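In: this is a predicted model, with the sequence first.
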Amino acid sequence: MTHPLFRKPVFVETAFEKRFQQMLHDAWDNRSWHLIVADPGAGKTVGIRDMQKRAGGRSVLAVVAPKNNEDEQALGDQFFTALGIPLRGHWRTRKPKLMGYLYQYGTECLIVDDAHDLSLEHLMLLKEVTDQGRLQYDHPLGLCLVAAGRGDTIPLKETFDLPDSTWLQFRRRFDKLSPFCRIASHTSDEVRAILATLETVYQEIFPQLNLRQWTSSIYTWLTHPVLDPTRSGRVTMDNLMKLVTTALEGSYLAGATDVVPSWLKSAAELLVLRHDTLKLIDGAGKDIGNQDQNKAESANRNGKEPERQTVPESGQAETPQLHETMKEQERTDTSSNCMFSGELIPIDLKRFTESSIKLVECPHCGRMRTLSPSKGVLRFKPHTRRKQQTPVTEKRWSATGKTGWDVVGGQGETLKSTDIFSF
């Protein structure tokens, strides 16, 4: 049975949390507006919750963007619930009172987590409520839209860049120096500092715990392209905690006083090589799952730690077998989907709609997709590489060999049906 300490949430004031919470504090202190982006699993939600606890009361009010409900009432109900106000009456009578309640409870900063899920109606409500606060109560509110995103992607920016006067006003309210901010995850040195803190957290059950000696190995594993697809060289807190806690739980069951190297290796393989593997649970699953554990227990009783020699601190932490398997996994992952899968298409929606051309060509592999705007943006859905490069003359949006997107083709030739997919 696992130790209760592993089920207890652990908050570590990491370098990421310091950077992230500093931005939240700036918005609170200056009543400024920011769109804050960070990697999935970096620790955004944990940081928001910790800041709310420190702030006390309702001076900082945080909600989560509604999922699968684009109506403004869905977001408004989130704010009422966060304030502790019952949802009584029709929305049209409750809506005008929302800013009054925010003023009454002393709310000074609004935080919306998962802001990438906000609809146009949600954003309209935020603008209306905050405008009402300035006009009727002389009570400006800070606003932080916290979104998940990788690479250079800025969620919602295409919406804010629309030419309508509403979005021009919305965009004008953002901070003049740092409207869009990306909070970076952890470097190798920052990973070492986190491991030092975790040694203290788990010292109760591991008196001789020394995680820092594996810093180079852990950093190498967690920056593998499977876990770091943008090759940023940064480690997220979620992946780090999964690896460490998995290794420590196995070591605890083995009766060790320090982390067992073989469990570190197994945890890395689980994260990197088998993160999409379907696990079969059968009647004998429990006994099968204990085989590696029993081996670790036997090695520990005999006072042997041969695995320590197979995971050195030099940076080449993987055994040859693990290293080759990782390389094979990387080749498999990169050979299936096109690198442009899921990317935003920077085409002006007005031009796109007026052109009546819905066919869009992938600038990387040439595969075609029939696109429609969703939440004010165009996004090229994930797709496999187009292997057969046949001539294409169909009218389509293309950026091949150009700096901008435009309609090309139209000589009368048609595409093969296998190259066009509607969604």
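Out: Arrived safely, thanks for sending. Note that the structure is predicted; figures quoted are calculated from it, not measured.
In: doesn't Lys127 make contact with Gln169?
Out: Yes: using Cβ atoms under 8 Å, Gln169 is in contact with Lys127, at 7.0 Å. (C-beta placed from N, C-alpha, C; glycine too.)
In: ranges for the strands of this protein?
Out: Along the chain, counting by DSSP state E, strands occupy 33-38, 60-64, 109-113, 142-148, 180-182, 359-361, 368-370, 396-398, 406-408, 420-422.
In: so what's the gap between the longest one and the chain middle?
Out: To tie it back to what came earlier, the one meant is strand 142-148. When distances are taken as Cα atoms, centre = their mean, to the nearest Å, strand 142-148 is centred 13 Å away from the chain's centroid.
In: what lines up beside it in the sheet?
Out: Partner strands for strand 142-148, per DSSP bridges, with pairing direction: strand 33-38 (parallel), strand 109-113 (parallel).
In: how about the second one?
Out: Strand 60-64 has the following strand partners under DSSP bridges: strand 109-113 (parallel).
In: CA atoms of the partner strand as CSV?
Out: Listed next in CSV are the C-alpha coordinates belonging to strand 109-113 (Å, rounded to 0.1, in the frame of the first residue of the first chain):
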residue,chain,number,x,y,z
CYS,A,109,-8.5,41.4,-10.2
LEU,A,110,-10.2,38.8,-12.4
ILE,A,111,-8.3,35.7,-13.5
VAL,A,112,-9.8,33.3,-16.1
ASP,A,113,-8.0,30.0,-16.3
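In: if we can go back for a sec, columns mean neighbour count and distance to Pro229 on top of the strands paired with strand 142-148, output as JSON lines?
Out: Supplementary listing: the strands paired with strand 142-148 in JSON lines, determined by neighbours: other Cβ atoms under 10 Å; distance: least, Cβ to Cβ, whole Å:
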{"stretch": "strand 33-38", "mean neighbour count": "23", "distance to Pro229": "15"}
{"stretch": "strand 109-113", "mean neighbour count": "23", "distance to Pro229": "23"}
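In: for those, which one sits closest to Asp161?
Out: Nearest of the strands paired with strand 142-148 to Asp161, taken as Cβ to Cβ: strand 33-38 at 12.1 Å.
In: got a list of contacts for the closest one?
Out: Contacts made with strand 33-38 from outside it, assessed by Cβ atoms under 8 Å, 6 or more residues apart in numbering, are listed as 16, 20, 23-24, 26-27, 44, 115, 142-149, 153-157, 173-175, 178-185.
In: of those, buried ones?
Out: Judged by neighbour count, with 16 or more other Cβ atoms under 10 Å as the criterion, the buried members of the contacts of strand 33-38 are 16, 20, 23-24, 26-27, 44, 115, 142-149, 153-157, 173-175, 179-181, 183-185.
In: quick one: which of the strands of the chain is nearest Asp228?
Out: Nearest of these to Asp228, taken as Cβ to Cβ: strand 33-38 at 13.9 Å.
In: tell me where the model's unsure across the chain.
Out: Per-residue confidence for the chain (pLDDT under 70) gives these ranges: 1, 275-277, 284-337, 387-392, 400-403, 410-423.
In: and the residue nearest to Ile345 when sequence neighbours are not counted, how far from Ile183?
Out: When the adjacent residues along the chain are set aside, Ile345 lies closest to Leu378, with 4.0 Å between them (Cβ to Cβ, 6 or more residues apart in numbering). For Leu378, the distance to Ile183 under the criterion Cβ to Cβ, to the nearest Å works out to 27 Å.
In: kindly report the same for Leu271.
Out: Spatial separation of Leu271 from Ile183 under the definition Cβ to Cβ is 22 Å.
In: for Leu240, same thing?
Out: Leu240 sits 16 Å away from Ile183 when distances are taken as Cβ to Cβ.
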